[in-house]
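Participant: Okay, predicted coordinates and the sequence, questions at the end:
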Amino acid sequence: MVATCLHLAGFVCSFVGWIGVVVATATNDWVVTCGYTITTCRKMDELGSKGLWADCVMATGLYHCKPLVDILILPGYVQACRALMIAASVLGLPAIFLLITVLPCIRMGHEPGAAKYRRSQLGGILIILL
């Protein structure tokens, strides 16, 4: 029973972590820019934010985002962050599928326990790399 709970808790934590990586990849609030303090800017509505995909400005209640479509003129760190976050998002999908198949409540035919153990090791390694 304890092993089943540990497997389920590990799967849930890894799934929530992968969803967090996907959400962080899609958001545009990586860098918040303001000439004043953040609380002053929130009151004055002069808040800007930068992400991997767009630069956004909030002024007088309007939220305008300009997409970053020119890949070659972007700084190297933005290109590297884009590549790493996309790789982590894509790498997480097979890891989650592997971890689903090794849950104690799922049986796939008459497979030996060693095959399930190897799949769980591979899924864990992929989650750690993610």
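Facilitator: That came through fine. Computed from a predicted model, the values in this text were never measured in an experiment.
Participant: can you give me the helices in the chain?
Facilitator: 2-26, 38-44, 76-101, 113-129 (DSSP state H).
Participant: What's the separation between Gly48 and Val22?
Facilitator: 24 Å (C-beta to C-beta, to the nearest Å). Glycine gets a C-beta too; all of them are placed from N, C-alpha and C.
Participant: Next, the buried residues of stretch 68-84.
Facilitator: 68, 78, 81-82 (16 or more other C-beta atoms under 10 Å).
Participant: Tell me which two of the residues you listed sit farthest apart.
Facilitator: Pairwise distances across the buried residues of stretch 68-84 peak at 11.6 Å for Leu68 and Cys81 (criterion: C-beta to C-beta).
Participant: Now list whatever residues contact both of these two.
Facilitator: Here Leu68 and Cys81 share the contacting residues Leu52, scored by C-beta atoms under 8 Å, 6 or more residues apart in numbering.
Participant: Including mean pLDDT and distance to His64, could the helices of the chain go into CSV?
Facilitator: Shown next, in CSV, are the helices of the chain (pLDDT from 0 to 100; distance: least, C-beta to C-beta, whole Å):
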stretch, mean pLDDT, distance to His64
helix 2-26, 89, 18
helix 38-44, 59, 16
helix 76-101, 89, 20
helix 113-129, 87, 37
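Participant: To Leu62, which of the ones you listed lies closest?
Facilitator: Taking these one by one with C-beta to C-beta, helix 38-44 is closest: 13.8 Å.
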